[in-house]
Structures are given as structure tokens and as C-alpha cells.
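Student: could you work out the structure for the sequence below:
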Amino acid sequence: CRSALDLVPFGIKPLLRRAAAYEALERYHLAYVDYKTALQVDCSIQAAHDGVNRQGLRPALGGMTKALLEKDGLNWRQKLPPIPTVPISAQMRWSIPSAGAPGANAPPATALRGEPDQTGAGTERAQTLKEEGNELVKKGNHKKAVEKYSESLKLSQECATYTNRALCYLTLKQYKEAVQDCTEALRLDPKNVKALYRRAQALKELKDYRSSITDIKSLLKTEPKNTAALRLLQELNRA
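Tutor: Prediction:
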């Protein structure tokens, strides 16, 4: 793969093959960088999206992102090797096929490859699934709600869906999964109060009190009179 990349820098196939090899060797930092680089070249590559967001490929680890979270904590992205910047000339999204070119009138790659459909029927279906999950939460069926939210997130990655699923994970005492969902929600909305509070709750249960306090203090900068957050902070200070 390295030789191929020397010949054709930012070649999709060698990047994906090398990423898969790194992943198989559990060298997740290097695998993540290669998948991310491939996505800069062509953001429609399903295999690269799957690699970056891998869930449950190896049950013992719960997926590559989760493995990085467990190994390096909440700041795992800061410990990654530098991700190369792909020049515009190598990025397929800027390449406009001529009218007669093969595939010029084909449907978007995202529709063919199962990428999250952020418009039309995909978004509508995602909203329906999220609402079904909300109803299941009201009935106390958190395990089934997780399934609905997971289906919704495959179609549309919304902050509220992540925080809703995190709430279910908290109830099911799956604290690491709750932390991961809240982290994804905060990537979309860095000041989201629910994500900060629920991640703080999960971190408290994982006995990572320092990180939990950090989240609560961040929340209180946005809502200084949030009584639930103030109460949790008191509990953390006594821990």
C-alpha cells in the first residue's frame, strides 16, 4: 500500500487497504488517519465512513472510535498523528463530469452506497424513527429505543438523537456508550447542555470525576443557574 501511495498520492484503494490493515492490527490511530484522508479525497466512500464510525466490529472493543476513547480518553483526537491535507486537485468532489461522461446523470453516490441521506425521504424517516424512540422512552423501553435511535442516526446524524440515545445508555448503565454519544453530540453542538450534563453523569459513574467536573463547569458557563448541574457539581466535589 505504501508503494502504491508513493506512486499515486491520496489513492483511494491503497488508503482503504492500508487503513483496514492497520485496523486489523489494532493500530487504530493510523487506521483513523487513513480513513479520514480517504474521506477528504471522496466524501461519499461508504467504507471510510464505516471505518471512522465503526460500531461493534470487535465486540470486546465496541469499535475503533470506542477503542480510541477507552485508550486515550476524551481528548483522543488530540493524540492522533497529523491528518494530511488533501490538495483540491485530488479531491473528487471538485471534479465536475462533462454531460457525456459516464455517470454524469447517475444518482449521487451517497444514495447508492447507503450514506446518511440528509434530505427528503431520508430526513423524514430519521425524524419518524427518532419520535418512535421517544415514545419508547416514555414507556420505559430504553433498550428498544436505542435500536430506533441507532436506525435514525444511520440516516441523519442529529445532536438530539445522540443525546436521547445517551439518556437510554445511562438508564441501561452503559456508561461508556453514553460518553461516546454525548461526545458526538458535542462535536455537532459544542455547548449543548444535555450532552454536557449527560456526559458528566456517565463520567461520574465511571469514576472520572475530574472530567465530569470539567463538563459541569462548561455547562454552567452557559446556564449558571441550572439546578441539576449545580446539584451534580456538589456531589462531585464530595466524591
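Student: please parse this structure into its domains.
Tutor: 2-94, 120-238 (automatic domain parsing).
Student: list the contacts for N192?
Tutor: N192 makes contacts with C159, T163, A185, L186, as judged by C-beta atoms under 8 Å, 6 or more residues apart in numbering. To be clear about C-beta, it is placed using only N, CA and C from the backbone, and glycine gets the same treatment.
Student: would you list those residues in CSV and tack on distance to L170 and pLDDT?
Tutor: What follows is the contacts of N192, written out as CSV (distance: C-beta to C-beta, whole Å; pLDDT from 0 to 100):
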residue, distance to L170, pLDDT
C159, 17, 91
T163, 10, 95
A185, 13, 91
L186, 16, 91
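Student: report the buried members of these.
Tutor: Buried members of those, counted by 16 or more other C-beta atoms under 10 Å: C159, T163, A185, L186.
Student: ok, those residues vs H29, which is closest?
Tutor: Within the set of the buried ones among the contacts of N192, L186 lies nearest H29; the separation is 21.1 Å, counting by C-beta to C-beta.
Student: for the closest one, phi and psi?
Tutor: L186 adopts backbone torsions of phi -70, psi -20, taken as degrees, to the nearest 10.
Student: thought A200 was touching it, still the case?
Tutor: No - the pair L186 / A200 is not scored as a contact, 11.4 Å apart, by C-beta atoms under 8 Å.
Student: among the contacts of N192, which pair sits farthest apart?
Tutor: The two members of those with the most space between them (C-beta to C-beta) are T163 and L186, at 9.4 Å.
Student: contact partners for Y162?
Tutor: L153, D181, C182, E184, A185, L188, A195.
Student: where's N237, which helix or strand?
Tutor: Under the criterion of DSSP states H and E, N237 resides in helix 227-238.
Student: which residues sit against that helix?
Tutor: Counting by C-beta under 8 Å, 6+ apart, helix 227-238 makes contact with Y197, A200, Q201, K204, Y209, S212, I213, I216, K217, L219, L220, E223, all of which sit outside it.
Student: between those, which sits nearest V146?
Tutor: Q201 (16.7 Å).
Student: ok, that closest one - contacts?
Tutor: Contacts of Q201 by C-beta under 8 Å, 6+ apart are L170, A178, S212, L232.
Student: check which helix or strand the closest residue to Y169 other than its chain neighbours maps to.
Tutor: Sequence neighbours aside, A178 is the residue nearest to Y169 in space, at 3.8 Å (criterion: C-beta to C-beta, 6 or more residues apart in numbering). For A178, the host element (DSSP H and E) is helix 175-188.
Student: any buried residues in that helix, and which?
Tutor: For helix 175-188, burial by neighbour count (16+ other C-beta under 10 Å) applies to Y175, K176, E177, A178, V179, Q180, D181, C182, T183, E184, A185, L186.
Student: export those as JSON lines, with columns for distance to N75.
Tutor: Below are the buried residues of helix 175-188 laid out as JSON lines (distance: C-beta to C-beta, whole Å):
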{"residue": "Y175", "distance to N75": "18"}
{"residue": "K176", "distance to N75": "16"}
{"residue": "E177", "distance to N75": "19"}
{"residue": "A178", "distance to N75": "18"}
{"residue": "V179", "distance to N75": "13"}
{"residue": "Q180", "distance to N75": "14"}
{"residue": "D181", "distance to N75": "17"}
{"residue": "C182", "distance to N75": "15"}
{"residue": "T183", "distance to N75": "10"}
{"residue": "E184", "distance to N75": "15"}
{"residue": "A185", "distance to N75": "17"}
{"residue": "L186", "distance to N75": "13"}
